[in-house]
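In: Fold the following and give me the result.
(4 chains)
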Protein chains: 2
Amino acid sequence: MSKTLSIGVLAKHTGVNIETIRFYEKQGILPVPSRSSSGRRLYGGEDLKRLSFIHQCRKLGFSLKEVESLINLVDSGDYTCEQVHEITAAHAKEVKQKIKSLTKMESVLDGMVEQCSRGKVPDCPIIDSLYGD
Amino acid sequence: MSKTLSIGVLAKHTGVNIETIRFYEKQGILPVPSRSSSGRRLYGGEDLKRLSFIHQCRKLGFSLKEVESLINLVDSGDYTCEQVHEITAAHAKEVKQKIKSLTKMESVLDGMVEQCSRGKVPDCPIIDSLYGD
DNA sequence: GTTGCATCTGTAGTTACTACAGCATTCATA
DNA sequence: TATGAATGCTGTAGTAACTACAGATGCAAC
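Out: Predicted coordinates:
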């Protein structure tokens, strides 16, 4: 395996911040890379793949803990599709709940904004509804 | 003004955690209350109103900074409805963006979950799509 | 030789709380 | 009146997932 990628190049290829890459390493979610003679990190294709995976998962809203579970499963070699499904379905459920909660907020906010006359007077239905007597 | 409410009573009336009330005080978002002879916090009706306001705002997803802005406006005495509208509309926009982003995640996740056979075999389309070669 | 970029380590800051530890006080009850 | 439970106090540390430095080092190019 040739490990030739600097952290900067890895960052550019994956779209992950340099500091974030080091952070992932410290968190144990990205393996400790080898180093050049002067102590700089050197990455290979496997690292690139793994970091991309982490990035994809993060974009889908998985927590780092969930990502770690997923990685551990894959690394273990004998994971089942069922196990992956469980983690993903649980996360999908959380996302749905968040959407639901935000949608409720949205409708209240929209209602308030609409009621508001945007006038120059210090009499605002938004404040009235929140700061009521 | 009679200030007779203990922090525990205030917490129960508003649904806000005791530690959170103290936290709000430290953040300067809730005024420093008077104290009993033994040093315990004493709250009045105005505090109750303000804490409820903060709580309502938080439930609508406003950040503490936004809540502070809102409170400062009201406290200043000569705020306009326009100013309140601006803060609220900006927040509503943020909420909409969050919903949009989460909805995208949701559809990808749902697609993955659906594709997954939930089988007992170590071959999972979820992993394949994320951890691709 | 010096300029400038990339990288290094380590620490602190962000948001909005929550969870103690260890102590003081107050209240209800025996 | 004694005592045990409940309440409150301060102050600190932990949570999630980074981000933003500061200050040092390395390396290639001109």
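In: C-alpha only now, for contacts and for neighbours.
Out: Will do.
In: per-residue confidence at A:Glu82?
Out: According to the prediction, A:Glu82 has pLDDT 90.
In: What lies in contact with stretch A:35-44?
Out: Contacts to stretch A:35-44, defined as Cα atoms under 8 Å, 6 or more residues apart in numbering or on different chains, come from residues A:1-7, A:10, A:33-34.
In: Select from those every entry located in strands.
Out: A:Ser34 (DSSP state E).
In: Tell me which two of the contacts of stretch A:35-44 sit farthest apart.
Out: A:Met1 and A:Ile7 (17.0 Å; Cα to Cα).
In: The two: who's more crowded?
Out: More neighbours surround A:Ile7 than the other of A:Met1 and A:Ile7, with 19 against 7 (other Cα atoms under 10 Å in any protein chain shown).
In: Can you read off the pLDDT for that one?
Out: 96.
In: Could you give the average pLDDT over the helix or strand containing A:Phe23?
Out: Element membership for A:Phe23, per DSSP states H and E: helix A:18-27. Averaged over helix A:18-27, pLDDT sits at 96.
In: Repeat that for stretch A:101-109.
Out: Rounded mean pLDDT across stretch A:101-109 is 96.
In: which other residues reach that stretch?
Out: Against stretch A:101-109 from outside (Cα under 8 Å, 6+ apart): B:59-61, B:88-89, B:92, B:95-96, B:98-99.
In: By neighbour count, which of those wins?
Out: Counting neighbours by other Cα under 10 Å, B:Ala92 leads these with 24 neighbours.
In: Quick check: that residue is in a helix.
Out: Yes - secondary structure of B:Ala92 (DSSP: H, G, I helix; E, B strand; the rest coil): part of a helix.
In: Confirm for me that it is in contact with A:Met112.
Out: No - look at B:Ala92 against A:Met112 with Cα atoms under 8 Å: they stay out of range, at 9.9 Å.
In: Check which helices and strands the helix or strand encompassing A:Glu68 sits against.
Out: Element membership for A:Glu68, per DSSP H and E: helix A:64-76. Secondary-structure packing of helix A:64-76 (3 or more Cα pairs under 8 Å, 6 or more residues apart in numbering or on different chains; DSSP states H and E): helix A:45-59, helix A:81-115.
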